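In: Give me the fold of what follows.
(chains A and B)
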Amino acid sequence: GEDVEQSLFLSVREGDSSVINCTYTDSSSTYLYWYKQEPGAGLQLLTYIFSNMDMKQDQRLTVLLNKKDKHLSLRIADTQTGDSAIYFCAEEGRGGYQKVTFGTGTKLQVIP
Amino acid sequence: EPEVTQTPSHQVTQMGQEVILRCVPISNHLYFYWYRQILGQKVEFLVSFYNNEISEKSEIFDDQFSVERPDGSNFTLKIRSTKLEDSAMYFCASRGGTTDTQYFGPGTRLTVL
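Out: Residues are numbered from 1 along each chain as shown, chains lettered A, B, ... in the order given. From the prediction side, this is the model:
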């Protein structure tokens, strides 16, 4: 079945760039997502990329997709303390009714 | 901007009781989903629903679970006899069409005592 893997933890200093990486197995993925979740809160859709794109930039966020290696990354420029949260990578398959498969989440800690 | 809404935001129930979690998807959407997230774990797919029937379900979605679209706006998840391990955040999602992205609701936190 589909699987999405992420590293569990990332620590960066305020003002630095953060790069969160993700690998997935479903080669038929259509959309790939990045969600942010703060403690006790719901899922905030940060950005998404369609599988025929290599890169998407949205203000401080840059998503890179390497479809050959099934690797997705999220770069946050000028990381702020308010960016501290868990970041979930997720992919949506082409088959069936397109459920979204989430990764385990990467906890980003921003050190002031 | 249209959004998916869920009620209640937090539900506390006793083990063995039935609960119904409610969702109002975005009005012209056709595909509906439930996911759950046990505390500290990843979000897991439960079920998808299209054309008034279940289109796919996971192993988690056993006979204790059911979904319904009782009218043109609500989409519900019923847990017949709750267990302690059903304690989780439950997210509803909807999409318009097969080329649309999924939109998630804010979640209902279910606590089973």
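In: So which elements touch the helix or strand bottoming out on mean pLDDT in chain B?
Out: None of the helices or strands of chain B scores lower by mean pLDDT, DSSP states H and E than strand B:103-104, at a mean of 89. Contacts defined by 3 or more CB pairs under 8 Å, 6 or more residues apart in numbering or on different chains; DSSP states H and E place strand B:103-104 against strand B:88-95. Heads up, the C-betas are built off the backbone N, CA and C, glycines and all.
In: If we use 10 Å, what do you get?
Out: Packing contacts for strand B:103-104, counted by 3 or more CB pairs under 10 Å, 6 or more residues apart in numbering or on different chains; DSSP states H and E, involve strand A:44-50, strand B:31-37, strand B:88-95.
In: Okay, now the sheet partners of that strand, with direction.
Out: Partner strands and pairing direction for strand B:103-104 (DSSP bridges) are strand B:88-95 (antiparallel).
In: Show the average pLDDT along the strand it pairs with.
Out: Strand B:88-95 carries an average pLDDT of 94.
In: quick one on the thing from earlier: let me have the helices and strands packed on strand B:103-104 in JSON lines, extended by mean neighbour count and distance to A:Asp83.
Out: JSON lines is the format used below for the helices and strands packed on strand B:103-104 (neighbours: other CB atoms under 10 Å in any protein chain shown; distance: least, CB to CB, whole Å):
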{"stretch": "strand A:44-50", "mean neighbour count": "16", "distance to A:Asp83": "10"}
{"stretch": "strand B:31-37", "mean neighbour count": "25", "distance to A:Asp83": "21"}
{"stretch": "strand B:88-95", "mean neighbour count": "24", "distance to A:Asp83": "21"}
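In: now those as JSON lines including distance to A:Thr81?
Out: Below are the helices and strands packed on strand B:103-104 laid out as JSON lines (distance: least, CB to CB, whole Å):
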{"stretch": "strand A:44-50", "distance to A:Thr81": "17"}
{"stretch": "strand B:31-37", "distance to A:Thr81": "24"}
{"stretch": "strand B:88-95", "distance to A:Thr81": "24"}
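In: I'd like to know which of those strands is closest to B:Ile79.
Out: Among these, strand B:88-95 comes nearest to B:Ile79, with 9.1 Å by CB to CB.
In: Just want the angle from the closest one to strand B:31-37.
Out: Strand B:88-95 runs at 160 degrees relative to strand B:31-37, counting by axes from the mean of the first three to the mean of the last three CA atoms, to 10 degrees.
In: Tell me how far strand B:88-95 lies from the chain's centre.
Out: Its chain's C-alpha centre and that of strand B:88-95 lie 5 Å apart, by CA atoms, centre = their mean, to the nearest Å.
In: Just the C-alphas of it, formatted as PDB.
Out: The C-alpha trace of strand B:88-95 is given here as PDB (Å, rounded to 0.1, in the frame of the first residue of the first chain):
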ATOM      1  CA  ALA B  88      -8.900  10.500  18.800                       C
ATOM      2  CA  MET B  89      -9.300  13.600  16.700                       C
ATOM      3  CA  TYR B  90     -11.700  12.900  13.800                       C
ATOM      4  CA  PHE B  91     -11.400  15.000  10.700                       C
ATOM      5  CA  CYS B  92     -14.000  15.200   7.900                       C
ATOM      6  CA  ALA B  93     -12.900  16.200   4.400                       C
ATOM      7  CA  SER B  94     -14.700  16.900   1.100                       C
ATOM      8  CA  ARG B  95     -13.800  17.500  -2.500                       C
END
